[in-house]
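> just need the structure, nothing else, for what follows:
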Amino acid sequence: MSSPSPPHPPGKGLPILACGPAILGALDRADVLVLSGETGSGKSTQLPQLLLGRHPEAVIAISQPRRVAATSVAARVAAERGEPLGDVVGYAVRFDERCSQATQVRYATDGLLLREAVGDPMLSRYTHVLLDEVHERALATDVLVAVVKRAAILRRRPPGPAGKEGAADTAARPEPLKVVLMSATADVELLVRYFSAAPPPAVRDTPAADAAATPCPSAATSKALTAALPVATKKKKRPRPGSPLPVATPPPGSGLTVARYHVRGRQYPVSVFYAADPVADYLDAAVTAALQVHVDQPAPGDILVFLTGADEIDAAVELTRARAGRLLERSDARSLLPLPLYASLPPAAQARALLPLPPGQAVRRSLHGCRLCGGTEVVAADGVARQTAGDLIHDGSARANRDTGGSVADAGTICSECGGRVTAATTAALAAAATAAAGSSRGSTAVRKVIFSTNVAETSVTISGVRYVIDAGVAKSRTTTPSGADILRVAPISRAAAAQRAGRAGRQAPGVAYRLYSEAAWTRMAPRPVAELVGADLAPTVLSLLAMQVCGPRNDPTTFDYLQPPKTAAVTAALERLVGLGAVAVTAGSLEVTPMGAAMARLPVRPAHARALLEAVALDVTGPLLSAVALLAADGEVWVAGTAARATADASRRAFGHPTGDHLTLAAVLDAYAAAAGEGGEGPGPFCKRHALNARTLAAAMAVRAQLARLLDSIAKEEHWVGVAAAGGVLPGGAPAVAAMDPAERVRRCLAAGYVGAAATWRGGAVRAYVLLGGAKPVTAAVHPSSVLSAAALARGGGGGTTVGGEAAPVAQRPADDDGRGRRPRTVVFDELVITSKAYLRGVTAVESGWLVEHGGDYYRSVQA
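Numbering: from 1, shown residues only. The predicted structure follows:
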């Protein structure tokens, strides 16, 4: 159990409190409230408390686009109320929940609320749903907006004659739902028009069907899907309401009354500076700028740096430490604390970045903290948490402490973050260092944090003490190929996002924002973020909508009332993949979710991973798949980044590397970690250090694996699943053939069944690259250098002799379907397509082309040669 958050003072003086009566009155008179307000006005933290004060029996859901925001804001609100987190105020994110029967204010990610709506499309447990940061236009956010609109329409009770309603209607429908949409930069007019307009006729007041879907005897073709989908018609432009703020809009076609209100924020002035010329390397420029701000700008004032991903951030933290020690004066280097902040960090690591440093944490070299996991706190044998003045050295290293000059002795301490044993300088040396720091005029300066963050810190989250923001102007963007393969690339942010980032410097005092791009580049940015629905993989969304049965009598996802409709071709492509996965069937011109699809919708992972896990149940090889999928779902770097650990990490990859690819390599890593953490093992800390593994990611993956295992076990025990599992594999020999297969082949067959639309085949000659299968246009890519199937890894001779299901996999083993030289596999499946200066396949495993046709049906019929 994590330690409770330090108490926060109530939101005294926040602008929303002065407007509280007016906002609550507007929501009393309306069904939907579009609440805009400048950054720092208190929307996320104070409105739920105001509503709970007005309606003591209310149950309120507050959606957040990111898990960091959901967990940190929930912790802050609970602390403001002086209550333990998980009591009245709690949170629920993927693979983590702190709620109880008493919880009335529930912060949750958009994706988790969508999953909840699969089982309860009317969201009947909630009286109020607050959708925060709707301006970000994330895929889950846009779809959740539409689902909430439908629920509000169905739960609205129009007064009948003489104010009477039928008894059946009263019993069937929960109380009317109140909806609030919150943002600092959202398009208010778009939201008002959307909630005011009637939904398409095909989905208006459609009751959920009770009958279970019947799978097709064979996979449907694109022609059948086209016949099942109507011809798209151009929508008429919705009228623009002309009601001034904050007067409610009269009920038009939707029957919902929509109000809008604007809260003037308490934003302090922020000075913005642009780069004179474009920077060649924004990561290097960001680190340089952070060090320059630290030297030039007086304390107090922490620094927030926006980068794109965990790997960049970890590299920036290490680079900052190295340069600070090499370039800055000793006192300046000792007073700088670089910290990471991204979604896959555990809560304790996130709290170090989000919360103020404890009182009395003055200048000390423990800024480097635990060299294994980056932690800055150790817990001594007596259980008391302490900060050390010197570097923490794992595993009894004899290296002298370079700051104190004292001898190194085993202090019997354990890193509270990763569990590794730690040695520290002797107590006398620590005391001497602390005394010296206290006696120095410069050394008495408090530590300044420099926080390297993804865009998780862009909205909702308030990081105490930040006065300076350094903005690289880019973020990772996820789109998809026509075949449905994920594409991850770095792209410029929007002007609205740039304003949000700059605003982080002015939450508590006047601040400064340094933009690592020119003003001309800023003018070329899009005004607002492009809706992710436009280019993202729609297969998970379409499966959720079909499972909710909210798409009309024919369950047609092209007729769903989207906030911004996607292209029909993108929906059709997603349906083709879902049919290939066995999740959707076309029967009598209607789309239905099969039992396989219903089970996939219950697993909180990508459809590809869900299908592979369910195939593993049928082929009796769930263990390795669970381990691989858990590490992928943990969304963090498996090996420690940085030059210092590079040689060890490379050797570790080779030691764990499986000759058939990355998924079995990941399974071997997590299984070995679990063994080391178990009884009689060496312990997770020493194990991770010895193999240069990221202890945070592996610890998170173990929790994910346990939850997925429980879900799979629950599904496998259900009566209707027995028949599905029996038909899950399409092997000609049936059960005897499965028993004769080695575990590694079964795992690869499961991946072939799940990765429909994410496969590629090697093409030699002038191309000499992998070509993605299933798209209208050929897309070529190389295997990512981090893969055990990369060209460099194959040239070295491949991976080590890891085991699957207790059986050794010899180093020389290669799939039969290779390039003729016994090295490069001809056909592979992959997790994502990463585009930088080149296109790369990440998360690669070799399969046989015939398996794709066996499992993917018509989708891969053209692959068969």
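
> is residue 108 in contact with residue 70, as I believe?
Yes: in terms of C-beta atoms under 8 Å, residue 108 counts as a neighbour of residue 70; the distance is 6.0 Å. C-betas here are computed from N, CA, C, even on glycine.

> who's more crowded, the two?
More neighbours surround residue 70 than the other of residue 108 and residue 70, with 28 against 24 (other C-beta atoms under 10 Å).

> look up how far residue 84 lies from that one.
Relative to residue 84, residue 70 is positioned 17 Å away (criterion: C-beta to C-beta, to the nearest Å).

> go on, residue 686?
Separation of residue 686 from residue 84 (C-beta to C-beta): 34 Å.

> for residue 177, same thing?
Residue 177 is 28 Å from residue 84, by C-beta to C-beta.

> comparing the two, which residue is more hemmed in?
Ranked by neighbour count (other C-beta under 10 Å), residue 177 and residue 84 place residue 177 first, with 24 against 15.

> what's stretch 779-799 in contact with?
Contacts of stretch 779-799 from elsewhere in the structure, counted by C-beta atoms under 8 Å, 6 or more residues apart in numbering, are 481, 485, 653-654, 656-659, 661-662, 665, 760, 763, 767, 769-772, 811, 814, 823-825, 828, 833-834, 838-846.

> now those residues: which count as buried?
Restricting these to buried positions leaves 481, 485, 653-654, 656-659, 661-662, 665, 760, 769-770, 772, 811, 814, 824-825, 828, 833-834, 839-846, with burial counted as 16 or more other C-beta atoms under 10 Å.

> among the residues you listed, which ones are in strands?
Counting by DSSP state E, the members of the buried ones among the contacts of stretch 779-799 that fall within strands are 760, 769-770, 772, 828, 833-834, 839-846.

> what about the strands in the stretch 1-150 of the chain?
Applying DSSP state E, counting those that start in this stretch to the stretch 1-150 of the chain gives strands spanning 32-37, 60-64, 89-93, 96-98, 105-109, 128-132.

> what pairs with the shortest one, parallel or antiparallel?
Take DSSP bridges as the rule and strand 96-98 pairs in its sheet with strand 89-93 (antiparallel).

> the inter-axis angle of the partner strand versus strand 105-109?
20 degrees (axes from the mean of the first three to the mean of the last three C-alpha atoms, to 10 degrees).

> residue 116: which of the ones in strands among the buried ones among the contacts of stretch 779-799 is nearest?
Using C-beta to C-beta, residue 843 comes nearest to residue 116 of these, at 28.6 Å.

> nearest to residue 288 among the ones in strands among the buried ones among the contacts of stretch 779-799?
When these are compared for distance to residue 288 (C-beta to C-beta), residue 834 comes out closest, at 26.1 Å.

> for stretch 757-768, the averaged confidence score.
The predicted model gives stretch 757-768 an average pLDDT of 86.

> may I have that stretch exported as CSV, CA atoms only?
The C-alpha atoms that make up stretch 757-768 are tabulated as CSV, following Å, rounded to 0.1, in the frame of the first residue of the first chain:
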residue,chain,number,x,y,z
GLY,A,757,-3.4,-6.6,-40.1
ALA,A,758,0.0,-6.4,-38.5
ALA,A,759,2.1,-8.8,-40.6
ALA,A,760,4.8,-8.2,-43.1
THR,A,761,6.8,-10.3,-45.5
TRP,A,762,10.4,-10.0,-46.6
ARG,A,763,11.0,-8.8,-50.1
GLY,A,764,14.5,-9.1,-51.5
GLY,A,765,16.0,-7.7,-54.7
ALA,A,766,16.0,-3.9,-55.0
VAL,A,767,13.6,-3.5,-52.1
ARG,A,768,15.4,-5.5,-49.3
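
> pull out the buried positions in it.
Within stretch 757-768, the residues scored as buried using 16+ other C-beta under 10 Å are 757-762.

> okay if I get those residues as JSON lines plus distance to residue 522?
Formatted as JSON lines, the entries for these read as follows, by distance: C-beta to C-beta, whole Å:
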{"residue": "757", "distance to residue 522": "37"}
{"residue": "758", "distance to residue 522": "36"}
{"residue": "759", "distance to residue 522": "40"}
{"residue": "760", "distance to residue 522": "38"}
{"residue": "761", "distance to residue 522": "43"}
{"residue": "762", "distance to residue 522": "43"}
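
> of the residues you listed, which is the nearest to residue 491?
Relative to residue 491, and with distances defined as C-beta to C-beta, the nearest of the buried residues of stretch 757-768 is residue 758, at 21.2 Å.

> the closest one is in contact with residue 830, isn't it?
Yes: using C-beta under 8 Å as the test, residue 758 is close enough to residue 830 to be in contact (5.5 Å).

> so where's the stretch 751-865 of the chain shaky on pLDDT?
Counting by pLDDT under 70, the stretch 751-865 of the chain has low-confidence residues at 775-776, 797-823, 856-858, 860-865.

> and the helices in it?
Assigned helices in the stretch 751-865 of the chain, in chain order: 791-796, 849-856 (criterion: DSSP state H, counting those that start in this stretch).

> other SSEs contacting the longest one?
In this case it means helix 849-856. Here helix 849-856 touches helix 743-754, going by 3 or more C-beta pairs under 8 Å, 6 or more residues apart in numbering; DSSP states H and E.

> between the helix it packs on and strand 839-847, how many degrees?
Going by the same axes, to 10 degrees, helix 743-754 makes 130 degrees with strand 839-847.

> what angle do helix 849-856 and helix 743-754 make with each other?
For the pair helix 743-754 and helix 849-856, the angle between their directions (the same axes, to 10 degrees) equals 50 degrees.

> how about residue 187: what's its closest non-neighbour residue?
Here the nearest residue to residue 187 in space, its sequence neighbours aside, is residue 528; by C-beta to C-beta, 6 or more residues apart in numbering that works out to 6.7 Å.

> and the pLDDT at the nearest residue to residue 73 once chain neighbours are set aside?
The spatial neighbour of residue 73 that comes closest, neighbours along the chain excluded (C-beta to C-beta, 6+ apart), is residue 44 at 5.3 Å. At residue 44, the pLDDT value in this model is 89.

> can you pull the contacts of residue 44?
With contacts defined as C-beta under 8 Å, 6+ apart, the neighbours of residue 44 are 62, 64, 69, 73, 132, 182, 460.

> 10 Å instead, please
Listed by C-beta atoms under 10 Å, 6 or more residues apart in numbering, the contact partners of residue 44 are 16, 37, 62, 64, 69-70, 73-74, 76-77, 107, 130, 132-133, 182, 459-462.

> the stretch 551-700 of the chain: helices as residue ranges?
With DSSP H, counting those that start in this stretch applied, the stretch 551-700 of the chain shows helices at 568-580, 595-602, 607-619, 622-634, 646-656, 662-677, 684-691, 695-717, listed in chain order.

> angle of the third one against helix 695-717?
With the same axes, to 10 degrees as the basis, helix 607-619 and helix 695-717 are set at 60 degrees to each other.

> before we move on, what about the fifth one?
Put simply, helix 646-656 runs at 20 degrees to helix 695-717, going by the same axes, to 10 degrees.

> for the fourth one, same thing?
Computed by the same axes, to 10 degrees, the angle separating helix 622-634 from helix 695-717 equals 130 degrees.
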